[in-house]
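Asker: A predicted structure for the sequence below; I have some questions about it.
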Amino acid sequence: MYLGMDGVYPEWENRARSVIKGQQGDYKLLDALQSSKAITVNVTNPDYDATFGPIAYDKGGALCRMIEGFLTEKTFQTGLRFYLKKFSYSNAESKDLWESLEQFSNGLNINDIMDSWTNKPGYPVVSFNGSHLLQERFLLNSSGISIKRNVIECNTDTAAWHFQLQWRTPCGLYQ
């Protein structure tokens with residue numbers, strides 16, 4: 001929605017607002033609970049949990065912005081157009097979108113990246129111990145206090161969540 005509105009009314013800066021909403025969204029509180037569910041689930045009962053909606057839609061939107069950052073806006077739109085055209089009169093699964101985007105990704109494994117976010121609940125806290133990046137699932141206990149769990153050293157074999165890391169030095173921006 002924000003992307004479309006940005007195209008029609010760029011002066012409204014809806015895209016920038018969506019990033020702020022994503023950072024302050026209720027889904028982050030819900031997704032930080034031990035009882036949180038993954039975005040990708042098999043639905044056997046249409047009377048789903050009411051807390052699932054914000055997680056699925058708001059986190060899903062944030063993940064689309066993230067993958068657009070991996071690919072660039074133009075590549076993301078090209079992949080999305082391909083996906084919409086290919087599945088315009090049929091059903092699709094999330095893997096169909098990832099495969100469509102992957103066709104334009106210059107070798108990036110979109111399916112693995114997105115599966116690391118959609119097939120498990122929560123989101124990471126990333127820290128640097130001086131020599132390695134570490135991830136842990138951010139959790140809130142019943143008192144609203146952060147508790148640490150699942151500390152994982154970040155490398156290509158064991159990373160719990162795939163993400164793009166950028167940093168800036170006086171010499172420029174690095175990824």
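Answerer: On my side now, so go ahead.
Asker: pretty sure residue 54 contacts residue 30?
Answerer: Yes - with contact defined as Cβ atoms under 8 Å, residue 54 reaches residue 30; the gap is 6.0 Å. Where you see a C-beta, it was placed from the backbone N, CA and C, and this is true even at glycine.
Asker: out of the two, which sits in the busier spot?
Answerer: Legend: neighbour count by other Cβ atoms under 10 Å for residue 54 and residue 30, higher for residue 30 (21 against 16).
Asker: how much space between that one and residue 41?
Answerer: Taken as Cβ to Cβ, to the nearest Å, the spacing of residue 30 relative to residue 41 amounts to 14 Å.
Asker: same question, residue 75
Answerer: Remark: distance between residue 75 and residue 41 (Cβ to Cβ) = 29 Å.
Asker: okay, the two: which has more neighbours?
Answerer: Taking neighbours as other Cβ under 10 Å, residue 75 and residue 41 compare with residue 75 leading, 17 against 14.
Asker: all helices of this structure, in order?
Answerer: Secondary structure of the chain (DSSP state H): helices at 2-8, 14-24, 26-31, 52-54, 60-71, 73-86, 94-102, 110-118.
Asker: Dump these to JSON lines, plus mean pLDDT and distance to residue 140.
Answerer: Formatted as JSON lines, those follow (pLDDT from 0 to 100; distance: least, Cβ to Cβ, whole Å):
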{"stretch": "helix 2-8", "mean pLDDT": "70", "distance to residue 140": "27"}
{"stretch": "helix 14-24", "mean pLDDT": "63", "distance to residue 140": "16"}
{"stretch": "helix 26-31", "mean pLDDT": "70", "distance to residue 140": "7"}
{"stretch": "helix 52-54", "mean pLDDT": "69", "distance to residue 140": "15"}
{"stretch": "helix 60-71", "mean pLDDT": "87", "distance to residue 140": "18"}
{"stretch": "helix 73-86", "mean pLDDT": "95", "distance to residue 140": "32"}
{"stretch": "helix 94-102", "mean pLDDT": "95", "distance to residue 140": "27"}
{"stretch": "helix 110-118", "mean pLDDT": "91", "distance to residue 140": "19"}
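Asker: In JSON lines: those helices, plus distance to residue 134.
Answerer: Shown next, in JSON lines, are the helices of the chain (distance: least, Cβ to Cβ, whole Å):
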{"stretch": "helix 2-8", "distance to residue 134": "32"}
{"stretch": "helix 14-24", "distance to residue 134": "22"}
{"stretch": "helix 26-31", "distance to residue 134": "20"}
{"stretch": "helix 52-54", "distance to residue 134": "28"}
{"stretch": "helix 60-71", "distance to residue 134": "20"}
{"stretch": "helix 73-86", "distance to residue 134": "29"}
{"stretch": "helix 94-102", "distance to residue 134": "27"}
{"stretch": "helix 110-118", "distance to residue 134": "16"}
